[in-house]
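Asks: Please work out how this folds:
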Amino acid sequence: MSSTSNAPDQPPPAPIPTYVHGLAGSGASVAALALLYPLDQLRTLQQLGTVSTKASSESQRKYGRTIGQLIDAFEQEGTDGMYRGLTPALVTLSVSNFIFFFTYQAMRAALAKKRPRNASGARETLDNLSASTVAGVLNVLATNPLWLASIRMRRDAHAAQKGAAAKAAAAEAAGDIPPAGG
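Replies: Prediction:
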């Protein structure tokens, strides 16, 4: 006779620790941002006014509007420019999502102790809404300074890179240094 997971003689599986939910949410968000960071950087560069909000006609014809804008930005900024500021963004996002998922799961567990499951075996909608609201508020309060610092670091890195490029171009034009590759 085979045993099943619903057998009455087996104890229920141990609940997953709250910090595991935080780590899972944090890890998933870091992976997603690392993959999609150039799109976020494109948005940031467009807000700073350093890249066009429209794709060149050639890029748009070949790739469509959004991909064309992304390709144009890669051509203008280079790969380094499109990944500039990735580290502070990853750190901030990982902290932010850890706080959210940890708090959300802790709140759900606390609410579950106070209220039994409903007739269908699910948690009450109000419990989930309450837990996510508290988690979201705590997340914003705790990580807003990190987000501000991350955005300022990205902006400053972009300005420093553009300033260094302008100085090099001016020095080259003045004949102080030979042109690159020459």
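Asks: Can you pull up the most central residue in this protein?
Replies: Leu33 (4.3 Å; C-alpha atoms, centre = their mean).
Asks: The residue lying closest to it once chain neighbours are set aside is in what secondary structure piece?
Replies: Closest residue in space to Leu33, ignoring its immediate chain neighbours: Leu93 at 5.4 Å, by C-beta to C-beta, 6 or more residues apart in numbering. Every C-beta, even on glycine, is put in place using the N, C-alpha and C of the backbone. Per DSSP states H and E, Leu93 falls inside helix 86-114.
Asks: What average pLDDT does that helix get?
Replies: In this model, helix 86-114 has a mean pLDDT of 91.
Asks: now that helix: how far from the chain's centre is it?
Replies: Mean C-alpha position of helix 86-114 versus that of the full chain (C-alpha atoms, centre = their mean, to the nearest Å) differs by 14 Å.
Asks: May I see the buried residues of it?
Replies: 86, 88-90, 92-108, 111 (16 or more other C-beta atoms under 10 Å).
Asks: What helices and strands are in contact with that helix?
Replies: The contact analysis (3 or more C-beta pairs under 8 Å, 6 or more residues apart in numbering; DSSP states H and E) places helix 86-114 against helix 18-48, helix 125-174.
Asks: for those, which one ends up most surrounded?
Replies: helix 18-48 (a mean of 16; mean count of other C-beta atoms under 10 Å).
Asks: How far off centre is that one?
Replies: Helix 18-48 sits 2 Å away from the centroid of its parent chain (C-alpha atoms, centre = their mean).
Asks: report the angle between the axes of it and helix 125-174?
Replies: 40 degrees (axes from the mean of the first three to the mean of the last three C-alpha atoms, to 10 degrees).
Asks: same for helix 18-48, what does it pack against?
Replies: helix 65-82, helix 86-114, helix 125-174.
Asks: And those helices: which comes nearest Thr50?
Replies: The closest of the helices and strands packed on helix 18-48 to Thr50 is helix 125-174. By C-beta to C-beta, the value is 6.9 Å.
Asks: Where does the prediction get shaky in the protein?
Replies: Applying pLDDT under 70 to the chain flags the ranges 1-8, 116-123, 161, 164-182.
Asks: neighbouring contacts of stretch 138-145?
Replies: Contacting residues not belonging to stretch 138-145 are listed as Thr92, Val95, Ser96, Ile99, Phe100, Thr103 [C-beta atoms under 8 Å, 6 or more residues apart in numbering].
Asks: Rebuild these as JSON lines, extending it with distance to Leu138.
Replies: Converted to JSON lines, the contacts of stretch 138-145 look like this (distance: C-beta to C-beta, whole Å):
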{"residue": "Thr92", "distance to Leu138": "15"}
{"residue": "Val95", "distance to Leu138": "12"}
{"residue": "Ser96", "distance to Leu138": "11"}
{"residue": "Ile99", "distance to Leu138": "6"}
{"residue": "Phe100", "distance to Leu138": "8"}
{"residue": "Thr103", "distance to Leu138": "5"}
